[in-house]
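Trainee: Structure, please.
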Amino acid sequence: MYTTLCDCVRPTSLPSDSSAPGSAVSGQLFPGKMFLVGLTGGIASGKSSVIQVFQQLGCAVIDVDVMARHVVQPGYPAHRRIVEVFGTEVLLENGDINRKVLGDLIFNQPDRRQLLNAITHPEIRKEMMKETFKYFLRGYRYVILDIPLLFETKKLLKYMKHTVVVYCDRDTQLVRLMRRNNLNREDAEARINAQLPLTEKARMARHVLDNSGEWSVTKRQVVLLHAELERSLEYLPLRLGVLTGLAGIAILLYLLTHYLLPYA
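Mentor: From the prediction side, this is the model:
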């Protein structure tokens with residue numbers, strides 16, 4: 001029983017461990033500077049509400065599910081490769097990927113699922129890096145990645161310096177899900193049981209936000225965690241150096257095109 005969460009007033013930080021998922025040894029795009037925070041939860045745990053608070057605090061948030069849908073749009077390399085491998089039967093009339101048909105093709109087919117992942121994951125990582133670098137140039141200390149299956153797939157764990165789980169106890173989760181989706185107890189339990197238990201996710205995470213009680217308590221945990229992650233400003237000199245370098249290149253190109261090249 002994960003009893004230490006129930007009276008939590010501030011984010012629960014687990015001891016640092018170089019071998020643990022999300023440890024400080026891995027997951028830093030700019031070593032000692034900017035970093036990524038992987039955030040996950042479970043059905044009806046309140047993850048979406050927690051993300052809204054982070055956004056209200058001015059945090060950068062990347063939804064990996066949205067990014068995964070983006071990279072398979074028509075015209076993108078992953079889209080072309082999916083059609084080559086799985087055929088035109090996975091297409092809708094407008095050219096978009098028919099996610100249901102594609103899902104049926106890879107259901108209980110580990111080889112096909114692995115092949116699809118080999119197509120999409122590199123493209124997702126590229127987009128993730130591009131978006132993250134944009135936030136880096138804009139001065140963000142860290143970027144939150146909303147990853148529903150962070151601990152299940154483990155594909156992106158190595159990029160995360162911090163991992164956060166939005167937790168609530170099972171009874172609370174069950175009641176919320178039944179009320180939110182208008183489900184009976186049996187159907188709600190089936191949906192919860194289909195996911196990795198929140199207690200397991202909490203044990204693997206570096207930070208746990210307990211959303212079992214009053215929302216005001218949860219919100220305070222988010223504010224405190226944000227302050228903890230934002231505290232260090234050691235990345236600032238590097239960002240200023242990068243911006244100065246980019247400005248210098250822009251000035252040099254301007255001088256070349258307006259003053260030197262016309263007389264060459």
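
Trainee: low-confidence ranges in the stretch 51-200 of the chain?
Mentor: For the stretch 51-200 of the chain, no stretch has pLDDT under 70.

Trainee: Domain map for this protein?
Mentor: Following automatic domain parsing, one gets these domains for the chain: 12-233, 234-264.

Trainee: Spell out for me which residue occupies the centre of the protein.
Mentor: Closest to where the C-alpha atoms of the chain average out (Cα atoms, centre = their mean) is L145, at 2.1 Å.

Trainee: Can I get stretch 102-115 as CSV, trimmed to CA atoms?
Mentor: Output of stretch 102-115 as CSV, limited to C-alpha atoms (Å, rounded to 0.1, in the frame of the first residue of the first chain):
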residue,chain,number,x,y,z
LEU,A,102,-4.0,0.5,-38.4
GLY,A,103,-4.7,-0.4,-34.8
ASP,A,104,-6.5,-3.5,-35.8
LEU,A,105,-3.6,-4.5,-38.0
ILE,A,106,-1.1,-4.4,-35.2
PHE,A,107,-3.4,-5.7,-32.5
ASN,A,108,-1.8,-8.8,-30.9
GLN,A,109,0.9,-8.6,-33.6
PRO,A,110,4.2,-7.7,-31.8
ASP,A,111,6.2,-7.7,-35.0
ARG,A,112,3.9,-5.3,-36.8
ARG,A,113,3.7,-3.1,-33.7
GLN,A,114,7.5,-3.0,-33.5
LEU,A,115,7.6,-2.1,-37.2
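
Trainee: hang on, the residue nearest to the centre of the chain in a helix?
Mentor: No. Secondary structure of L145 (DSSP: H, G, I helix; E, B strand; the rest coil): strand, not part of a helix.

Trainee: is it true that it touches V64?
Mentor: Yes. Checked against Cβ atoms under 8 Å, the pair L145 and V64 is within contact range at 5.6 Å. For every residue, glycine as well, the C-beta is placed using N, CA and C.

Trainee: Overlap of the contact sets of the two?
Mentor: Contact criterion Cβ atoms under 8 Å, 6 or more residues apart in numbering; residues shared by L145 and V64: M128, L156.

Trainee: and V85, how many neighbours does it have?
Mentor: Using other Cβ atoms under 10 Å, V85 has 14 neighbouring residues.

Trainee: name the element the residue nearest to it when sequence neighbours are not counted belongs to?
Mentor: Nearest residue to V85, sequence neighbours excluded (Cβ to Cβ, 6 or more residues apart in numbering): L115, at 6.3 Å. Using DSSP states H and E, L115 falls within helix 110-137.

Trainee: Many thanks, have a good one.
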